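A structural model of the following input is requested.
(2 chains)
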Amino acid sequence: MDVARSTAAGLEPGRAPGAVTGSRRDQPAMVQLLTEDGHLVPDDRFSDFAPHPEIYPSLYRDMFLIRRFDQESTALQRQGQLALWVPLTGQEAAQIGSGRAMQAADYAFPTYREHGVALTRGVDLPDILRLFRGTTNGGWDPREHNFQLYTLVLAAQTLHAVGYAMGIQRDRATDPGAEAAATVAYFGDGASSEGDVHEAMVFAASFNAPVVFFCQNNHWAISVPSEVQTRVPLSERAAGYGFPGIRVDGNDILAVNAVTAWALDHARRGNGPVLIEAFTYRMSAHTTADDPTKYRASAEEESWAPRDPLRRLESHLRATGIPDSFFTDLEGEATEQAGRLRKAVLAMEAPDLSHRFGTAYAEPHPLVQEELRQWQDYEAGFVPADEGGK
Amino acid sequence: MPVMTIAKAINAGLRAALKDSPATLLMGEDIGALGGVYRVTEGLKAEFGADRVVDTPLGESGIIGTAIGLALRGYRPVCEIQFDGFVFPGFNQITTQLAKMHARSDGMLRVPVVIRIPYGGGIGSVEHHSESPEALFAHTAGLRIITPSNPQDAYWMIQQAIDCDDPVIVFEPKRRYWLKGEVDLTTPPGNPFTAHVLRAGTDATLVAYGPLVPVALAAANAAAEDGTSVEVIDLRSVSPMDFDTVTASVQKTGRLIIAHEAPTFGGIGGELAARVSERAFLSLQAPVMRVGGFHLPYPVARMEDHYLPDIDRILESLDRALAY
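Numbering: from 1, shown residues only, chains lettered A, B, ... in the order given. The predicted structure follows:
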């Protein structure tokens, strides 16, 4: 299968679903509000949910800052300061666009690549690196940001998002005055093969839960292309569960933002779940342990370069008269952010192991308490460093 | 005090928990109108409604995964898994998510989910309906595992599990669901994560839990007829395990026999044997004996009588321990 050709076909806006050809159907229509060369295009269904032009610069700013954060984090991993890094370059519009569509009471359940969504939820960016530096498996207070901790087991969090949405639903049933809210379950095209995504969609449909499934189809599950994992466009799987599925140009932040705002509104109103497939591309490796040159053609990567999410919004902003100073100021802000990030990461140290003994269980546990005492006794047996010990 | 079966006691305990807090809800396959395959939730949907006693789609990972989400929202879900062998589709959610959420969040997030699993053999059933997988979960930090053996414990331990801020798996001995006993509905017992000495003795300590407790008591009675005094302990909590109570008993009797249905290799009995050996080596007059299942898939129903530990196998171990 010619992956480059099939993915390019999927980028043709406005193309309606066609007849089945062979084992694979034609690509569905894809929502787009901003063309690759930076021109606005109307959309009957979603234009009403599109972001106001006044916030375009802030959308661009978020994408710019998170890409720079990604670059710095990659560098920190190469310097040995992080155990691993999971790049997001190429997916900025999908993440910032969807994250900015959420309201404060909504709750996001991310995988491990949602750094852009974290930014929109107010997570302090260095905190994201605590997991990858190896000082904690968390890093922030999910309740403070309504942004759950990263989940490394693929798709497990999609069920948590459905359950949390069922909780919102119950709260609203007992207190109709309670604020309407929805959850967003993030996952990738690779994770869509996991059974938990299927069960999450079944449960969401069964209970009409206010959840938006947000699939970032970045086309590669490490080395396996999405075409191998699905015979039909992912957005069309929603029909099998009985709720709307929408493919959106994942590199078009205006379209992502509008479609997600629509879907969240749909869910909050009690109309049930929605699946959004953000059609995008992982421009870099799956993680810093990955080597995409071994499994995909550089021509494919080059074919996606003109669709860069930052470049197209930048083109639009420049065409509408945003001054150069906006971009140079942003460059300065990103550089300052990078410096702060490096400093923060180098200062991150693991807590004492006794902290782990204290958090394994919520309530006292005699075995853990006993093993803590044993470990402390063992540690106390060493000669202190200032007396020539370790 | 009323007399009821273990199944009715759990039903009454769930009813009390549902009345006690609107945050408590039950979820599982067929638990509503049917009342569960063992009728443990019978009548609860009619009393509390379909929103509190939730019939779910068929998906164990879905049940447990959505329960985690509900717990994050402040609810206290009680999940029913129909049979022991069907918990494995939910194993991932239990071990990688439920067990670790508190630690992963540095203590910020609590997921007080209860998972009820009818377990064990002796009912003449088919494949995957008779297993004892408790050791597979006990090996995972973050989970608590209890197993009542009588109606009194069944009534209270389910409520204590729901009250606990940690995830708790309640392994319910399905072949004892119809075992009757008195239940004190007014006096809450102590810590559910402790062992109980059911019968005092001086020559050997016999530890069992769940379905094997009545077998252990019968074995002790038989030994008494031969003049051997056996102390019987109901472990009640598989994780944490009450090493103190067992060690104190062994320091008195000098011998320890552990009986459970699960395969002996890598099982709960091995853990208890090792810990007691560390703590009371000089008190032991014989090696610790284990009586359990073989290293085989659970056998077909018409062979299970040869697999399940019975009075004679326990007495044979006792004889070997006494021979030292």
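
CA only for contacts and neighbour counts going forward, please
Noted.

Any stretches of chain B with poor pLDDT?
Chain B contains no residues with pLDDT under 70.

neighbours around residue 290, how many?
This is for chain A. By other C-alpha atoms under 10 Å in any protein chain shown, the residues close to residue A:290 number 13.

my bad, chain B
Count around residue B:290 with other C-alpha under 10 Å applied: 24.

so where does it fall, helix or strand?
Following DSSP states H and E, one finds residue B:290 within strand B:289-293.

Contacts for that strand next, please.
Applying C-alpha atoms under 8 Å, 6 or more residues apart in numbering or on different chains, the contact partners of strand B:289-293 are B:256-264, B:269-270, B:273, B:307-309, B:313-314, B:317-318, B:321.

Partner strands of that strand and their direction?
Strand pairing for strand B:289-293, determined by DSSP bridges: strand B:256-263 (parallel).

so what secondary structure elements neighbour the helix or strand that the partner strand is followed by?
The element immediately downstream of strand B:256-263 (helix or strand, assigned by DSSP H and E) is helix B:268-280. Packed against helix B:268-280, as judged by 3 or more C-alpha pairs under 8 Å, 6 or more residues apart in numbering or on different chains; DSSP states H and E, are the following elements: helix B:243-253, strand B:256-263, strand B:289-293.

now with 10 Å?
Where contact means 3 or more C-alpha pairs under 10 Å, 6 or more residues apart in numbering or on different chains; DSSP states H and E, helix B:268-280 is packed against helix B:134-138, strand B:204-208, strand B:237-239, helix B:243-253, strand B:256-263, strand B:289-293.

Give me the neighbour count for residue A:302.
12.

What separation do you get for it and residue A:284?
Distance, residue A:302 to residue A:284, using C-alpha to C-alpha, to the nearest Å: 12 Å.

chain center to stretch B:102-109: distance?
Here the centre of stretch B:102-109 is set off from its chain's centre by 26 Å, with C-alpha atoms, centre = their mean, to the nearest Å.

ditto for stretch B:282-297
Chain-centre distance of stretch B:282-297: 20 Å, with C-alpha atoms, centre = their mean.

so when I look at residue B:85, I'm seeing a strand, right?
No. With DSSP: H, G, I helix; E, B strand; the rest coil as the criterion, residue B:85 is located in helix rather than a strand.

Skipping adjacent residues, who's closest to the residue nearest the centre of chain A in space?
Centroid check for chain A by C-alpha atoms, centre = their mean gives residue A:114 as the closest residue, at 2.9 Å. Once flanking residues are discounted, residue A:114 sits nearest to residue A:95: 6.7 Å by C-alpha to C-alpha, 6 or more residues apart in numbering or on different chains.

Need the three-state assignment for that neighbour.
Assignment for residue A:95 (three-state DSSP): helix.

Show me where the stretch 51-200 of chain B has its strands.
All strands of the stretch 51-200 of chain B, identified by DSSP state E, counting those that start in this stretch, fall at B:53-55, B:76-80, B:114-119, B:144-146, B:168-173, B:180-182, B:196-199.

sorry, back to before: which residues are in contact with the residue nearest to residue A:114?
Going by C-alpha atoms under 10 Å, 6 or more residues apart in numbering or on different chains, residue A:95 touches A:62-63, A:66, A:88, A:101, A:113-120, A:186, A:214, A:216, A:250-251, A:253, A:256-257, A:278.

still on that earlier bit, could I get the strands of the stretch 51-200 of chain B as CSV with distance to residue B:245?
Listed next are those as CSV, based on distance: least, C-alpha to C-alpha, whole Å:
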stretch, distance to residue B:245
strand B:53-55, 37
strand B:76-80, 29
strand B:114-119, 25
strand B:144-146, 16
strand B:168-173, 21
strand B:180-182, 24
strand B:196-199, 8
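
Ok, which of those comes nearest chain A?
Proximity to chain A (C-alpha to the nearest C-alpha) singles out strand B:144-146 among the strands of the stretch 51-200 of chain B, at 9.1 Å.

Show residues contacting the closest one.
With C-alpha under 10 Å, 6+ apart, strand B:144-146 has contacts from A:361, A:365, B:99, B:114-116, B:134-135, B:137-138, B:157-158, B:161, B:164, B:166-172, B:192-194, B:209-210, B:235-241.

One more pass at 8 Å, please.
Taking C-alpha under 8 Å, 6+ apart as the rule, strand B:144-146 contacts B:134, B:137-138, B:157, B:166-171, B:192-193, B:236-240.

So in that sheet, which strands flank it, and in what orientation?
Applying DSSP bridges to the sheet, strand B:144-146 is found paired with strand B:168-173 (parallel), strand B:237-239 (antiparallel).

Point out the residues in chain B that sit beside chain A.
Taking C-alpha under 8 Å from any C-alpha of the partner chain as the contact definition, chain B meets chain A at B:56-57, B:59, B:61-62, B:65-75, B:93, B:96-97, B:100, B:102-108, B:110, B:141-143, B:164-166, B:240-241.

Out of these, which end up buried?
B:56-57, B:59, B:61-62, B:65-75, B:93, B:97, B:100, B:102-108, B:110, B:141-143, B:164-166, B:240-241 (16 or more other C-alpha atoms under 10 Å in any protein chain shown).

Among those, name the ones in helices.
Counted as lying in helices by DSSP state H, out of those, are B:61-62, B:65-72, B:102-104.

Go through those residues and name the one nearest residue B:288.
Minimum distance to residue B:288 across these is 34.5 Å, recorded for residue B:103 (C-alpha to C-alpha).

you'd agree that closest one is up against residue A:363?
No. Here residue B:103 does not reach residue A:363: they are 11.9 Å apart, not a contact under C-alpha atoms under 8 Å.

quick one, phi psi at residue A:249?
phi -60, psi 110 (degrees, to the nearest 10).

ok, how many other residues are close to it?
So residue A:249, with other C-alpha under 10 Å, has 30 neighbours.

If it is in a bridge, with which residues?
residue A:279.

so which two of the ones in helices among the buried ones among the residues of chain B next to chain A are the farthest from each other?
The span of those, defined through C-alpha to C-alpha, is set by B:62 and B:103 at 22.3 Å.

I'd like the strands of the stretch 51-200 of chain B written out as CSV, with mean neighbour count added.
Below are the strands of the stretch 51-200 of chain B laid out as CSV (neighbours: other C-alpha atoms under 10 Å in any protein chain shown):
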stretch, mean neighbour count
strand B:53-55, 23
strand B:76-80, 27
strand B:114-119, 26
strand B:144-146, 25
strand B:168-173, 26
strand B:180-182, 16
strand B:196-199, 16
